[in-house]
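J.: fold the following for me, if possible:
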Amino acid sequence: MITHSGRPRVFTWHIHGSYLFYLSQANLDIYIPVTDDRTEGYVGRGETFPFGDNVIEVSATEVKYLELDCIIFQTNKNYLVDQYDILSHEQRQLPRIYLEHDPPRQHPTDTQHAVNDPDILLVHVTQFNRLMWDCGGTPCCVIEHGVTDSGARYTGTIEKGIVVINNLPQRGRICGFDIFRELRKEVPLDLIGMGTEAYGIGEVLHPDLPQFVSRYRFFFNPIRYTSLGLAVCEAMMMGMPVVGLATTEMTTVIRNGMNGYVHTDPANLVRKMKTLLNNYDLASAMGKAARRTALERFNIKRFTADWERIVQMMIEKTADIKTIV
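T.: Model prediction:
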């Protein structure tokens, strides 16, 4: 039997485990569906993340009986298919939020979002994403990432760069697999993440990740075109300098020569990586600056406060949805 804690009751799907973990730091009860076959969105809590008691696993067949306050969609499938499969008619009339994790794929500027509804709030995770999507008449806002402080601190004793991307070989050019392979011919780079065993170390569980990563001299982000990775924010929070491509939101986070380096020329990045490998004191100073940036911009208290405010405003309907943005 599920008892009500008094917190807002939010239903969503388990799409991005790291994001769900940070969202669960908010004062919300988060209900997620689970099925026997554990398909995408229906894996339940899983065993990777140390979720608290406020992340509540519910059989997909029982979801329609839940008393809920708000629905959060995270994929087109959630919005176009899943809600009709598992939510009741009454639940589908509840306050609704679509959490968009990515920039548009089909065309960078002319792709229309699946949601075009003035009664749904579309939440983007970066200003770049909001800028690029054609969201029609759907109200939009941005809640930038927030990450917890794991307690791990940068040491940089391993004279290599570290790349953290799940399934990088399968994700190809969009995530910079080709760039990773080319640059590691000139600079020592290790790769970790699910599905990377043929080219790197393989998966490191999320609770062990900060301590593992913190030993490397710098964090390298070869991604061409996705949202700002949570792994970047996590590396900065532990005090690690970041090197990456000057694309999407990265250009607003990394300031050259201060907390890392970004450029559109991979050859330029190779030179900067070698500088960090040859100058530990410089890398350490940049790492301290990176942590200051993370504490200011990706503070978990700001992140959870943003989400709590948005969810509560949607539930209470105390103002027109357009005033939220």
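J.: CA atoms for contacts and neighbours, from now on please.
T.: Will do.
J.: and the spatially closest residue to Glu67 that is not a sequence neighbour, backbone torsions?
T.: Closest residue to Glu67 apart from its sequence neighbours, by CA to CA, 6 or more residues apart in numbering: Arg9 at 7.7 Å. Here is the backbone geometry of Arg9 (degrees, to the nearest 10): phi -100, psi 110.
J.: so what pairs up with Arg9 in the strands?
T.: Beta bridges link Arg9 to Asp29 when assigned by DSSP bridges.
J.: same check, this time on Val243
T.: Applying DSSP bridges, one finds that Val243 bridges with Phe220, Tyr261.
J.: contacting residues around the residue nearest to Glu67?
T.: Leu28, Asp29, Ile30, Tyr31, Glu67, Leu68, Asp69, Cys70 (CA atoms under 8 Å, 6 or more residues apart in numbering).
J.: need those residues in JSON lines (columns: distance to Thr126, neighbour count and pLDDT).
T.: Below are these laid out as JSON lines (distance: CA to CA, whole Å; neighbours: other CA atoms under 10 Å; pLDDT from 0 to 100):
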{"residue": "Leu28", "distance to Thr126": "22", "neighbour count": "21", "pLDDT": "98"}
{"residue": "Asp29", "distance to Thr126": "25", "neighbour count": "23", "pLDDT": "98"}
{"residue": "Ile30", "distance to Thr126": "23", "neighbour count": "25", "pLDDT": "98"}
{"residue": "Tyr31", "distance to Thr126": "25", "neighbour count": "23", "pLDDT": "98"}
{"residue": "Glu67", "distance to Thr126": "31", "neighbour count": "13", "pLDDT": "97"}
{"residue": "Leu68", "distance to Thr126": "28", "neighbour count": "19", "pLDDT": "97"}
{"residue": "Asp69", "distance to Thr126": "26", "neighbour count": "20", "pLDDT": "97"}
{"residue": "Cys70", "distance to Thr126": "22", "neighbour count": "22", "pLDDT": "97"}
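J.: show me which of the residues you listed is closest to Thr226.
T.: Ile30 (25.9 Å; CA to CA).
J.: what's in contact with stretch 99-108?
T.: Contacts of stretch 99-108 (CA under 8 Å, 6+ apart): 72-75, 111, 122-125, 128-130, 132-133, 225-227.
J.: could you pull out the strands for the protein?
T.: 9-11, 29-34, 55-59, 70-73, 96-100, 120-124, 140-142, 158-164, 189-192, 216-221, 242-245, 260-263 (DSSP state E).
J.: residue ranges with poor pLDDT in this structure?
T.: 1-4, 318-325 (pLDDT under 70).
J.: report the central residue of it.
T.: Note on the chain: the residue nearest the mean C-alpha position is Leu230, at 4.5 Å, using CA atoms, centre = their mean.
J.: so it touches His145, yeah?
T.: Yes - counting by CA atoms under 8 Å, Leu230 touches His145, with 7.2 Å between them.
J.: bridged to Ile71, which residues?
T.: When assigned by DSSP bridges, Ile71 has beta-bridge partners Phe11, Arg96.
J.: so how far is Ile158 from Asn27?
T.: For Asn27, the distance to Ile158 (CA to CA, to the nearest Å) stands at 39 Å.
J.: same check, this time on Ile143
T.: 34 Å.
J.: now the helices for the protein?
T.: Using DSSP state H, the helices of the chain run over 17-23, 76-77, 83-86, 127-132, 168-171, 177-183, 209-213, 230-237, 250-253, 266-278, 280-297, 300-316.
J.: check what contacts the second one and list those residues.
T.: I take that to be helix 76-77. Ala114.
J.: distance from that helix to the middle of the chain?
T.: 18 Å (CA atoms, centre = their mean, to the nearest Å).
J.: the fourth one now?
T.: For helix 127-132, the distance between its averaged C-alpha position and the chain's averaged C-alpha position is 15 Å (CA atoms, centre = their mean).
J.: for that helix, packing partners?
T.: Counting contacts by 3 or more CA pairs under 8 Å, 6 or more residues apart in numbering; DSSP states H and E, helix 127-132 is packed against strand 140-142.
J.: residue contacts, Glu186?
T.: With contacts defined as CA under 8 Å, 6+ apart, the neighbours of Glu186 are Val270.
J.: do you know how far it is from Asn76?
T.: Distance, Glu186 to Asn76, by CA to CA: 40 Å.
J.: over to Ile86?
T.: 15 Å.
J.: swap in Gly176?
T.: According to CA to CA, Gly176 and Asn76 sit 25 Å apart.
J.: kindly report the same for Gly156.
T.: Remark: distance between Gly156 and Asn76 (CA to CA) = 40 Å.
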